[in-house]
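> Below are the sequence and a predicted model; questions follow.
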Amino acid sequence: MKNKLLIFFLLAMVLTFGTVDIASASETLVFAIALDAGDLNPGNTLGVKVVDNIFEGLVKYKAGTTNIEPCLATSWEISADGKEITFHLRKGVKFHDGTDFNADAVVFSFARQYDPNHLYHQYGKWCMWRYMFSDIKMIKKIDDYTVKLVLKRPNASIMTSLAMIAVNIVSPTNAEKYKEGAFKNPCGTGPFKFVEWVKDDHITLEANEDYWRERASLDKLIFKVIPDSSARLMALEASEVQGMEYPNPADFDRINDNKDLVLMTQPGMNVGYLAMNTGYGYIDENKNGIHDLDSEPLVKTPGYFEPLTKKKVRQAINMAIDKQSIVDNIYMGTAIKAKNGMPPFMLGYNNDIEDYPYDPARAKELLAEAGYPDGFEVTLYVMPVSRPYMFDPPKIGEAIQSYLAAVGIKAKFYQVDWANYLKELQAGKHQICLYGWIGDNGDPDNFMNISYATNGASIGVAGNLAFYINDKAQELLSAAAATYDDEKREVYYQKSQEMIHEDAGWVYLVHSTQNMVFKNNVRGFILSPVGGEYFYPVWVE
C-alpha cells in the first residue's frame, strides 16, 4: 500500500487521467463533504470550504501553493515602515446580485469585523479576525478603486493572510437586504453563485455567468453532506457523487484497485493533537485579541481540573501515549508522528527538540511524583466529525483511552455535535480534548500565535485549547510576527517551541497527509496546501 501511495504522491496533484468507460458528458459535479456548513458568511466560517467557490479576496493563493497573486486587487504597494498597504482594485467586477465591486465593498467587508460600532458587526463572531487580523487598525477608501490598509504594527504574515476566506469581499447590498440572515444567503464575486442550502443534506451552487474571468466549466456544483467516510466512498463507487474528502486510510487499497477512481494525496499542512486544559485563561474585555496584563487578570477556566495544572502530570500523559502505533495502525502510514505544533517543513520548526518517548513506566513515576500514584479519572472530549488531521476521532480516542488506562488514568468519553463541540472547547469547558489545526496561509504564525500563545487563551473564543499561559513565549511569538527578517523569525519560533514543549500542554500526535478521491473523469482539480476545495477550473468528461 505504501508503494502505491508513493506513486500517487509523485503525480503532479492535478487529475490528468483517462476517462472511465461509463462516463458521459456532464455539467454537474457532486462532491461529498463530511461536515455541513454552520455559516456561509466568509468572516464567520471555520472548517467548511464551500465558500471558497462563492467569494474572492483582494489576493488569492496561486493554485497548489501558498504564494499569493492578484485577485480583486490588481496590484499593491507596501510603505517603507511596513504599516500601510495600498491596493488598486479591479474594475468591471460584479457581485452575484448585480451590484458593483468597489472600494466601498472592501471597506464594508473589513470594517464590519473590526469595528464594534459598525451596524453589521452584530451579525458575526468574526473569530478569525481575532486570530489573524488583529494587527489591522483600519482600512480607508482613497477613491472608488483604491483602498489603504493601515496596520498597528508591522506584520510579516499579513499579505498571505489576506488570501484567506475570512477577509473575502461580500456584497454590502446583499448584507443590507438579509441582515442577520446573510449567513445563509451568501453573495460574492466568485465563479459560482449560491442556489440553495438544505441543512444536513446539500448545498447547491451554479456557474456565475458574469464572472470577470472565463466562466466556470461546471454548470452546477453540489456539496453533498455524508458524515461517514465509508458511506462517502460507497456513494462515489456508485457514481452518486464524483468526488469526496477525507477517505479512510483503511480503504486506500480498495480505492487504488478501482480503475474508475483516483486517489490524490500530498503532505498536509496540519497537526492533530490532544490538548490538556492547564486551568487558566483570561476574558478579553476590550476584544483586541491580546492579553492585557494590567487589566485582564487570569481566571480559572470552566474545565479547571487540578491534576492537569501540574507539569509532571502533563508530561506523564505525553509519555503514556504510543504515537507511532497510532500512526502505523490507525493512520496506516498516511501521517507522520508529530513532536512540535507545526509541520516540519515550515519556517522556524525546531527539529532539535527531543520528543517525549513512549514510556509507560516513566509516566507512572511522574504521576506518583505529582501526587497521583493511583492515577485519576478525566473526561476526554472526542470530535464527532472527520477532519484532515484526524479522520476517525473515536478510534483514536479509544487508543488514547487504553494507553491512559495502562498508567492508571481513566478517561471517559464526551461527545456533542460539532457546533457545540467548538463552543465548549473555546469556552474552556473541557479537561482534555482531541483537536488540531489546518494551516490557513502557510506562515508559522498561523500555527504558533493562534494555537499556543497566551493571547489565544481568551475564554469563549480560545484558539489555545490548553489555555497555556507563558508570557515569555508570547513575547517571542509577538516579536516573530512583527519582523520581516526570516532568520530572526526562525530563532523566535524555535525558542518558543522549547518552552512550549517543556511545559507539555499538548500531546502532538500527527501531521497527516491530505487526501481526496475523485472519479477518474474529473479534470483540473488541484490540491491546496491550505486545505481549500476550489472547483475553478474543474470539469467532468
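Arrived safely, thanks for sending.
> per-residue confidence at Gly463?
Predicted confidence (pLDDT) for Gly463: 94.
> what's the neighbour count on it?
23 (other CB atoms under 10 Å). Glycine gets a C-beta too; all of them are placed from N, C-alpha and C.
> Asn318 now?
Asn318, neighbours per other CB under 10 Å, totals 25.
> tell me the phi and psi of it?
Note on Asn318: backbone dihedrals following degrees, to the nearest 10 are phi -60, psi -40.
> Counting neighbours, what do you get for Ala231?
12.
> Please give the element, helix or strand, for it.
helix 229-237 (DSSP states H and E).
> same thing with Lys495?
Applying DSSP H and E as the criterion places Lys495 in helix 486-503.
> Give me the packing partners of the helix or strand that comes right after that helix, helices and strands only.
The first helix or strand that comes after helix 486-503 along the chain, using DSSP H and E, is strand 506-519. When contacts are defined as 3 or more CB pairs under 8 Å, 6 or more residues apart in numbering; DSSP states H and E, strand 506-519 packs onto helix 229-237, strand 243-245, strand 261-267, strand 270-276, helix 323-329, strand 335-337.
> do you know which of these lies nearest Phe31?
strand 243-245 (4.5 Å; CB to CB).
> So, low pLDDT: which residues of the stretch 1-150 of the chain?
1-26, 45-48 (pLDDT under 70).
> All the strands of it, in order from the start?
For the stretch 1-150 of the chain, the strands defined by DSSP state E, counting those that start in this stretch occupy 28-33, 59-61, 68-70, 73-78, 84-89, 136-143, 146-151.
> so which of those strands gets nearest Tyr452?
Taking the strands of the stretch 1-150 of the chain one by one with CB to CB, strand 136-143 is closest: 22.1 Å.
> Give the pairing partners of the closest one; include direction for each.
strand 146-151 (antiparallel) (DSSP bridges).
> Give me the angle between the strand it pairs with and strand 84-89.
Here the directions of strand 146-151 and strand 84-89 differ by 150 degrees (axes from the mean of the first three to the mean of the last three CA atoms, to 10 degrees).
> how far is the helix or strand just after strand 146-151 from where the chain is centred?
The helix or strand immediately downstream of strand 146-151 is helix 158-161, counting by DSSP H and E. From the chain centre to the centre of helix 158-161 is a distance of 15 Å (CA atoms, centre = their mean, to the nearest Å).
> Equivalent analysis for stretch 529-541, please.
Put simply, stretch 529-541 sits 17 Å off its chain's centre (CA atoms, centre = their mean).
> ditto for stretch 446-458
The answer for stretch 446-458 is 14 Å, by CA atoms, centre = their mean.
> just stretch 102-110 next, same as before
The answer for stretch 102-110 is 25 Å, by CA atoms, centre = their mean.
> With stretch 462-477 instead?
On CA atoms, centre = their mean, the centre of stretch 462-477 falls 19 Å from the chain's centre.
> How about residues contacting it?
Stretch 462-477 has contacts (CB atoms under 8 Å, 6 or more residues apart in numbering) with 131, 275-281, 291, 293, 298, 301, 425-428, 430, 433, 435, 445, 448-457, 459, 492-493, 495-496, 499-500, 503, 505-506.
> Put the buried members of the residues you listed into a PyMOL selection.
For the buried members of these, the matching PyMOL selection, counting by 16 or more other CB atoms under 10 Å, is:
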select buried, resi 131+275+276+277+278+279+280+281+291+298+301+425+426+427+428+430+433+435+445+448+449+450+451+452+453+454+455+456+457+459+492+493+495+496+500+503+505+506
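> Just the ones in helices from the contacts of stretch 462-477, please.
131, 425-426, 445, 448-451, 492-493, 495-496, 499-500, 503 (DSSP state H).
> List the buried residues in the helix or strand harbouring Lys312.
Secondary structure assigned from DSSP H and E places Lys312 in helix 311-320. By neighbour count on 16+ other CB under 10 Å, the buried set for helix 311-320 is Lys312, Val313, Arg314, Gln315, Ala316, Ile317, Asn318, Met319, Ala320.
> for it, what is the average pLDDT?
Here the average pLDDT along helix 311-320 is 98.
> Mind giving me the packing neighbours of that helix?
Counting by 3+ CB pairs under 8 Å, 6+ apart, helix 311-320 packs on strand 270-276, helix 360-369, helix 393-405, helix 486-503.
> just those: most buried one?
Most buried of these by mean neighbour count (mean count of other CB atoms under 10 Å) is strand 270-276; its value is a mean of 26.
> quick one: strands adjacent to that strand?
Sheet partners by DSSP bridges: for strand 270-276, these are strand 432-438 (antiparallel), strand 506-519 (antiparallel).
> How far off centre is the first one?
This means strand 432-438. That offset, for strand 432-438, works out to 11 Å (CA atoms, centre = their mean).
> Please enumerate residues in contact with that strand?
Here strand 432-438 has contacts from 47, 268-277, 308, 317, 341, 378-383, 387-390, 393, 396-397, 400, 411, 425, 447, 450-451, 465, 530-531, using CB under 8 Å, 6+ apart.
> Look up the residues forming beta bridges with the residue lying closest to Phe110 once chain neighbours are set aside.
Nearest residue to Phe110 in three dimensions, chain neighbours excluded: Ile139, at 4.5 Å (CB to CB, 6 or more residues apart in numbering). On the basis of DSSP bridges, Ile139 is bridged to Leu149.
> so how far is Glu56 from Ile139?
16 Å (CB to CB, to the nearest Å).
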